[in-house]
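>>> got a sequence here, can you model it:
(chains A, B, C and D)
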There are 2 protein chains.
Amino acid sequence: MADVAALAGVSSQTVSRVANNRSNVEEETRRRVLSAMRMLGYRPNTAARALVTGHFRALGLISFGLSSFGNARTVDAVTRAAQRAGYTVNMIAIESQTERAVHEAFDRLTMQAVDGIVLVEAQILDTPALRLPAGVPVVMADGDASHRHPMVDTDQARGARLVTRHLLDLGHETVWHVAGPEDSYAARRRTESWHATLKEAGASVPGVLFGDWSAASGYEAGRALARRPGVTAVFAANDQMALGVMRAMAEAGCRIPQDVSVAGFDDLDESAYLTPPLTTVRQNFDVVAERIVSLMIDQIESRGERSAAAYVVPELIVRQSTAAPPPR
Amino acid sequence: MADVAALAGVSSQTVSRVANNRSNVEEETRRRVLSAMRMLGYRPNTAARALVTGHFRALGLISFGLSSFGNARTVDAVTRAAQRAGYTVNMIAIESQTERAVHEAFDRLTMQAVDGIVLVEAQILDTPALRLPAGVPVVMADGDASHRHPMVDTDQARGARLVTRHLLDLGHETVWHVAGPEDSYAARRRTESWHATLKEAGASVPGVLFGDWSAASGYEAGRALARRPGVTAVFAANDQMALGVMRAMAEAGCRIPQDVSVAGFDDLDESAYLTPPLTTVRQNFDVVAERIVSLMIDQIESRGERSAAAYVVPELIVRQSTAAPPPR
DNA sequence: CGATCACATGTTTACGTGAACATACAGAAG
DNA sequence: CTTCTGTATGTTCACGTAAACATGTGATCG
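Presented below is the predicted three-dimensional model:
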């Protein structure tokens, strides 16, 4: 910076002003400084800048890995939204979903230079125990609204209700459910809503099968379901598990949707091209991400620690994997 | 830090020594300092630290988004490998794959605090023109070995050869190919190798259909292929496109694999659960990521700018989407 | 025509840390 | 007892920037 100042014949402060696009610099001076910058290949030093200003224009993001497509989509969308807002994203993937791991990641990120932290797909960690160090703004993507931190999520309950109703309306007596892991908020809410919808409709509520979001776990659940007589409709808590269920059904000689209807949740880009194309609930990851980032920036800029929960409305996408039940 | 020093009754330098685990601190002093740190909730300031030391223990990562599963897996693996090495990952997703966008991302990251940059799925940007600012270590994941920067990738050529040979060995007269985008190195190498393998075998080389890695583009290609008589084997350049091809074939009334064999590339976790389970080439993303990070750290620590290329061997996974051609 | 003002620019300083150097002190060697 | 050596600790300083304050200059207004 000093070199640039010398070359341009101004003080370093003026260089700083130009670098930060302040208004009170004469046009001619600005040009001189800019050309000096270019000539010397000057780039502002973020560390020094952050040391003075106290902020980094960077967000931390903690997730449980990118192998679940829902997560990957969320992370992707958050990254892009953050970028649009002028923030960089510092990512940490947690292996095990323990509270200790979350704290470690947290430590790491706050030591690293971040202005706030986004927690994606928060598992149900013992809520009161998850005392994150104060002072760092946090936004949860998926999680419990009862947390101290703002939270943004798809309206899981509404989505689950949409699919369940759809299947009941097709004439199925009841709907079986392959749930996500028990310690996931999203999974739990989908399950609860499925349950409530069945009850409201006066349908019997079959036992829940649990998976871990993976196609493999869906396959296992599907095999169990295929052995059971009278299963005509299955709602899997995400598209990957739905895929596994469909595979198991196919192997068992059940046709979809003639013999069994299968529906998922997420609407991956691929879901429209499965055989058969999958009926599912579309989550609007981009809107969720947008909200997350804007809540985050509110917090960062105002230091207000107010809690808030925003739910984004999902949409039912009916394709060919669901149909009326076979005549008895 | 000053507060900690005061509380522990030592100088700030001693606190610094404790924070950095230096050896020459008496055990008793160290304990006093540590407890003072805990009491005051002291955390070292990364900005100040970086300002002095000149490094951040952070890597930048530029990718073209997480919607391609191959990319998502790579990013995930790189993040984890970096973490293991004690580095954080600062991610930027590029929208358009232009050289300008790469440069912008680059600027952003170098301004942000990173010690090196990983470029994932580098498109074929005009090589000599892609003059990245010097001084920042760069490793390319996928890319051209002729670049000035070290590069790590799956041995694409070998993988493509494996599938193509597999299909020929099953008795198919030739193999059609749905390629990835023309400006992707990986796609180009898979295509070239498919071409070469056909020629060596004395098979005719049908025209290439181009997709963009998405299932939708695979579906389009599949529809075109289904209209063409005599297509008995298709090699899609990734699993997502293979999925689309299979869908199009199913819609056209072609059975897989009885009428048409379809193979992919990547081996997503889901590919084993498609209907039918997909024959594909498994990329070892974790090994690739490990190499990338270690090459990166070599560069960061030695400042050596030597170029290198590492290829990781892929593996053919035969499932049920490929079989002998139908009798004529 | 002097006071006031707006605006461009310069000077000084603090941000929190670790490197380099300085100091103090204990024990060993002669 | 003196000198030397090694170890624990303290002092000073620089890292590159932006904030706060100071200065200078020309225009505006009563």
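>>> give the other helices and strands that the helix or strand bottoming out on mean pLDDT in chain A contacts.
Confidence across the helices and strands of chain A bottoms out at helix A:99-111, with a mean of 79, counting by mean pLDDT, DSSP states H and E. Contact here means 3 or more Cβ pairs under 8 Å, 6 or more residues apart in numbering or on different chains; DSSP states H and E; on that basis helix A:99-111 packs against strand A:58-63, strand A:88-93, strand A:116-120. C-beta here means a position set from N, CA and C on the backbone, and glycine is covered the same way.
>>> who's in contact with the second one?
If I follow you right, that is strand A:88-93. In this structure, residues lying in contact with strand A:88-93 by Cβ atoms under 8 Å, 6 or more residues apart in numbering or on different chains are A:57-66, A:75, A:78-79, A:82-83, A:105, A:108-109, A:112-114, B:58, B:76, B:79-80, B:83, B:88-92, B:108-109, B:112.
>>> cutoff 7 Å now
Residues outside strand A:88-93 that contact it (Cβ atoms under 7 Å, 6 or more residues apart in numbering or on different chains): A:57-63, A:65, A:78-79, A:82, A:105, A:108-109, A:112, A:114, B:76, B:79-80, B:83, B:88-92, B:108, B:112.
>>> from the chain's centroid, how far away is it?
14 Å (Cα atoms, centre = their mean, to the nearest Å).
>>> please apply the same query to the first one.
Distance of strand A:58-63 from its chain centroid, counting by Cα atoms, centre = their mean, is 12 Å.
>>> my guess is residue A:105 meets residue A:95, correct?
No - checked against Cβ atoms under 7 Å, the pair residue A:105 and residue A:95 is beyond contact range at 10.0 Å.
>>> who has more neighbours, the two?
For the pair residue A:105 and residue A:95, the greater number of neighbours falls to residue A:105 (22 against 11), based on other Cβ atoms under 10 Å in any protein chain shown.
>>> ok, the more buried one - contacts?
Contact partners of residue A:105, counting by Cβ under 7 Å, 6+ apart, are A:62, A:92, A:94.
>>> closest one of those residues to chain B?
Looking at the contacts of residue A:105 and their distance to chain B, the nearest is residue A:92, at 6.6 Å (Cβ to the nearest Cβ).
>>> okay, the least confident helix or strand of chain A in PDB with CA atoms only?
Presented in PDB, the C-alpha positions along helix A:99-111 are these (Å, rounded to 0.1, in the frame of the first residue of the first chain):
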ATOM      1  CA  GLU A  99     -22.300 -32.600  20.100                       C
ATOM      2  CA  ARG A 100     -18.600 -32.700  20.600                       C
ATOM      3  CA  ALA A 101     -17.900 -32.700  16.900                       C
ATOM      4  CA  VAL A 102     -20.200 -29.700  16.500                       C
ATOM      5  CA  HIS A 103     -18.300 -27.800  19.200                       C
ATOM      6  CA  GLU A 104     -15.000 -28.600  17.600                       C
ATOM      7  CA  ALA A 105     -16.200 -27.400  14.200                       C
ATOM      8  CA  PHE A 106     -17.500 -24.300  15.900                       C
ATOM      9  CA  ASP A 107     -14.200 -23.600  17.600                       C
ATOM     10  CA  ARG A 108     -12.400 -24.100  14.400                       C
ATOM     11  CA  LEU A 109     -14.600 -21.700  12.500                       C
ATOM     12  CA  THR A 110     -14.600 -19.000  15.100                       C
ATOM     13  CA  MET A 111     -10.800 -19.200  15.300                       C
END
